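Asker: starting from these lines, generate the structure:
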Amino acid sequence: MHNKGKFKAGLSFGIFMTVFFILSRVFTEDDLTAKRLMIIVFSACSGGIIAGLLFAWLTGWLAKSKFVSQATKIDTQPAETILFETPANHFKGMEAVGGMLYLTNQRLVFKSHKLNFQNHQLALSLSDITQVHRYKTLGLVNNGLAVKTNMGKSEKFVVEQVEEWVKLLTVQHELSV
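Answerer: Next up, the predicted model:
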């Protein structure tokens, strides 16, 4: 995971935790004064910053660990070469399954790491892909990659460098057809 991705993940988590800390304290406080509210906001911001930094560090460390890199390694076919790869989440039902997304000269392959409930591998032949576009994850974050197949199935991923994914997949799909 690159530094920009770690920063965004840490910032998002820190903001979420800050809001959670403030709301949980405000709704459980019996005697809420202006002074007490200031203390709650200050401590929640401090806790959110610490939580965000720890989350960013942990995600970066985990992404670079041998455990994850070995678990997400794919086997290539003869004459198949890996062209591009990044960490990714693949939506399988309600779970965003973490792993790696690979683009080869023949396939698009997602392989999950072992820290998920729904471990799996998905491989799509480039000739089976009919449409590639980006979308906003949860309607907010512009990091989604959607791939539609000739069977009408849509696979959704959260990826780093989404523009690069769209460009490379489009070029490789056109070459395979």
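
Asker: got the contact list for the closest residue to Gln161 other than its chain neighbours?
Answerer: Leaving aside its sequence neighbours, Gln161 sits nearest to Thr86 (CB to CB, 6 or more residues apart in numbering; 5.9 Å). Glycine gets a C-beta too; all of them are placed from N, C-alpha and C. Contact partners of Thr86, counting by CB atoms under 8 Å, 6 or more residues apart in numbering, are 100-101, 159-161, 165.

Asker: mind checking the SS state of the residue located most distally from the centre of the chain?
Answerer: What lies farthest from the middle of the chain is Asp31; by CA atoms, centre = their mean that is 41.1 Å. For Asp31, the secondary structure call by DSSP: H, G, I helix; E, B strand; the rest coil comes out as coil.

Asker: ok, Asn143 - contacts?
Answerer: With CB under 8 Å, 6+ apart as the criterion, the residues that contact Asn143 are 134, 137, 158-160, 162.

Asker: again but with Val26, I slipped
Answerer: 32, 37, 40.

Asker: highest neighbour count among those?
Answerer: Neighbour counts for those peak at Ile40, which has 18 neighbours (criterion: other CB atoms under 10 Å).

Asker: what's the following helix or strand after the helix or strand bottoming out on mean pLDDT in the chain?
Answerer: Across the helices and strands of the chain, the lowest-confidence element by mean pLDDT, DSSP states H and E is helix 66-71, at a mean of 64. Once helix 66-71 ends, the next helix or strand along the chain (criterion: DSSP states H and E) is strand 82-92.

Asker: quick check: mean pLDDT across whichever helix or strand comes after that next one?
Answerer: Secondary structure here is assigned by DSSP H and E; on that basis, the next helix or strand after strand 82-92 toward the C-terminus is strand 95-104. Per-residue pLDDT values over strand 95-104 give a mean of 86.

Asker: buried residues in strand 95-104?
Answerer: By neighbour count on 16 or more other CB atoms under 10 Å, the buried set for strand 95-104 is 97-104.

Asker: residues in contact with that strand?
Answerer: Contact partners of strand 95-104, identified using CB under 8 Å, 6+ apart, comprise 72, 74, 76, 80-91, 108-113, 115-120, 145, 157-159, 165, 168-169, 172.

Asker: okay, domains of this structure per the record?
Answerer: Per the record, the chain has its domains at 3-64, 72-176, by automatic domain parsing.

Asker: any idea how far the longest one is from the chain center?
Answerer: So the one you mean is domain 72-176. Relative to its parent chain, domain 72-176 has a centroid offset of 11 Å by CA atoms, centre = their mean, to the nearest Å.

Asker: assumed Trp118 was part of a helix.
Answerer: One correction, residue 118 is Gln, not Trp. No - applying three-state DSSP, one finds Gln118 to be coil, outside a helix.

Asker: give me the number of residues near the residue nearest to it when sequence neighbours are not counted?
Answerer: Leaving aside its sequence neighbours, Gln118 sits nearest to Lys92 (CB to CB, 6+ apart; 4.9 Å). Lys92 is surrounded by 18 other residues when neighbours are defined as other CB under 10 Å.

Asker: that'll do, ta.
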